[in-house]
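Participant: Structure, please.
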Amino acid sequence: MIFWLIAIAVTAIACAALLYAGRGRMVNVTTAETADANSHFRLVLAGIDADLAAGKIGAEEAMGAKGELAREMLRANAATAPVVAREMGQGTLFGGLALVAGLALGLYAFLGSPNLPAQPLAGRADVAAQNMSLDAAIARIEAQLAATPDDLRGWTVLAPALLEVGRFSDAANAYGRVIDLSEPTAQLLTDRAEALLLAADGEGSEEAVGLLRMAADLDPGHAQSRLYLGAELTRMGQYDEAAGFWQAAIDLAKGDEPWLSAARQGLTVAQNDGVDTMAQDQAEMIRGMVGSLSARLYNDGGTVEEWSQLVRSYIVLGDLSNAQTAYDRAVAAYPAAFDRGGLDSMALAAGLKLNGAEQ
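Facilitator: Down below sits the predicted model:
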């Protein structure tokens, strides 16, 4: 009811504005201006009569002057005549206004929904969709797919969502439906293989390996399928074939891919029959750096930060005996606890003891 009152009031205001604009009215002139112009001509006419009476002009000249004055008066009156706006018939004007108002209200009554109650913002469908959790959205899509199982778009949306929430087996089935309803691509085959591998929880999947081989054959430029094949074949002990796929993926890289370093390490492991020589080399390099730092600190001393770095390095390498020795030397160099900063906390958390050499 409130809506209708507002709508009628707005319509009435609009109609009043149109009515005001449609009424005729005079503009650009006033009565005083017209009266002043006529008094000027009366003075000129009196002057002509005075000249005639005084004999300054003849009767014919007076008649000609009066005729010219009359023509001048007509031109002046025409120029200063009130301008009246074209006036529309009142019946036509009111009829048009009534028609506009009736059409506006009638169309809204027919097409709109004025009788619906006000709906809170949170209850609107579009807002509810935005606030819907991923699990609720998945349940909603699954219900729709139960009614329309051949909806390709629904399966395409559902598959990665299931993968995100950890429902790997269901995600693999969803990707299978996408492949069945569309043309299989290298990416779709790899996505399904990924879901199968995640569902296997590290145990491997022959079906996934078969899908990855199909993907690699289908698209010679698809790096992801080759990365998965390299990793799975390495896990299965098929190092020669795994090395080929690792190398193929590296050859497809542009140089800034986040997976490139892992692929190179995987290639090294496969080429060394499963032994991660790169990690071993890195560990030896770290031990050499730690040994150099240790020798310098034991001989020349150093800052608290350098002692902390040495202790931390021994802890990372798992050499707690040398870590304890380095910690004892650091405490001897900096006996005041507040000078050692976070060194004590790190050492004690790793199981070292304060003044362990004395115990």
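Participant: Report how many residues lie close to I286.
Facilitator: 13 (other Cβ atoms under 10 Å). All C-beta spots, glycine's among them, are computed from the backbone N, C-alpha and C.
Participant: same thing with the one 5 residues further on?
Facilitator: Under the neighbour criterion other Cβ under 10 Å, G291 is assigned a count of 12.
Participant: Return the distance of it relative to A347.
Facilitator: Applying Cβ to Cβ, to the nearest Å, the value for G291 to A347 is 20 Å.
Participant: What of A199?
Facilitator: As defined by Cβ to Cβ, A199 lies at a distance of 44 Å from A347.
Participant: For F245, pull up the helix or strand it's in.
Facilitator: Here F245, judged by DSSP states H and E, is contained in helix 239-252.
Participant: Mind listing what's buried along that helix?
Facilitator: Within helix 239-252, the residues scored as buried using 16 or more other Cβ atoms under 10 Å are Y239, A242, A243, G244, F245, W246, Q247, A248, A249, I250, L252.
Participant: quick one: contacts for the fourth one?
Facilitator: Just to be clear, that refers to G244. Contact criterion Cβ atoms under 8 Å, 6 or more residues apart in numbering gives no residues in contact with G244.
Participant: ok, so what distance separates it from A231?
Facilitator: For G244, the distance to A231 equals 13 Å [Cβ to Cβ].
Participant: related to what we said a few turns ago, with distance to A186 and pLDDT as extra columns, can I get the buried residues of helix 239-252 in CSV?
Facilitator: Below are the buried residues of helix 239-252 laid out as CSV (distance: Cβ to Cβ, whole Å; pLDDT from 0 to 100):
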residue, distance to A186, pLDDT
Y239, 24, 94
A242, 19, 95
A243, 21, 95
G244, 17, 96
F245, 14, 96
W246, 18, 96
Q247, 18, 96
A248, 13, 96
A249, 13, 96
I250, 18, 95
L252, 12, 95
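Participant: Switch those over to a markdown table; also include distance to V165.
Facilitator: Converted to a markdown table, these look like this (distance: Cβ to Cβ, whole Å):
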| residue | distance to V165 |
| --- | --- |
| Y239 | 35 |
| A242 | 31 |
| A243 | 35 |
| G244 | 35 |
| F245 | 30 |
| W246 | 31 |
| Q247 | 35 |
| A248 | 33 |
| A249 | 29 |
| I250 | 33 |
| L252 | 31 |
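Participant: Show me where this structure dips below the pLDDT cut-off.
Facilitator: Filtered on pLDDT under 70, the chain yields the residue ranges 1-5, 7-8, 10-12, 14-38, 41, 77-101, 103-131, 277-284, 356-359.
Participant: Buried residues of stretch 330-347, list them for me.
Facilitator: A330, V331, Y334, R340, L343, D344, M346, A347.
Participant: The helix holding F245: what's the following helix or strand?
Facilitator: Downstream of helix 239-252, the next assigned helix or strand under DSSP H and E is helix 260-271.
Participant: Go through that following helix and flag the buried ones.
Facilitator: Buried residues in helix 260-271 (16+ other Cβ under 10 Å): A263, R264, Q265, G266, L267, T268, V269, A270, Q271.
Participant: and which of the buried residues of helix 239-252 is nearest I13?
Facilitator: L252 (70.1 Å; Cβ to Cβ).
Participant: JSON lines for the buried residues of stretch 330-347, including secondary structure and distance to E142?
Facilitator: As requested, those are exported to JSON lines (DSSP: H, G, I helix; E, B strand; the rest coil; distance: Cβ to Cβ, whole Å):
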{"residue": "A330", "secondary structure": "helix", "distance to E142": "61"}
{"residue": "V331", "secondary structure": "helix", "distance to E142": "63"}
{"residue": "Y334", "secondary structure": "coil", "distance to E142": "64"}
{"residue": "R340", "secondary structure": "coil", "distance to E142": "59"}
{"residue": "L343", "secondary structure": "helix", "distance to E142": "56"}
{"residue": "D344", "secondary structure": "helix", "distance to E142": "56"}
{"residue": "M346", "secondary structure": "helix", "distance to E142": "50"}
{"residue": "A347", "secondary structure": "helix", "distance to E142": "54"}
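Participant: Since that was my last question, I'll sign off now.
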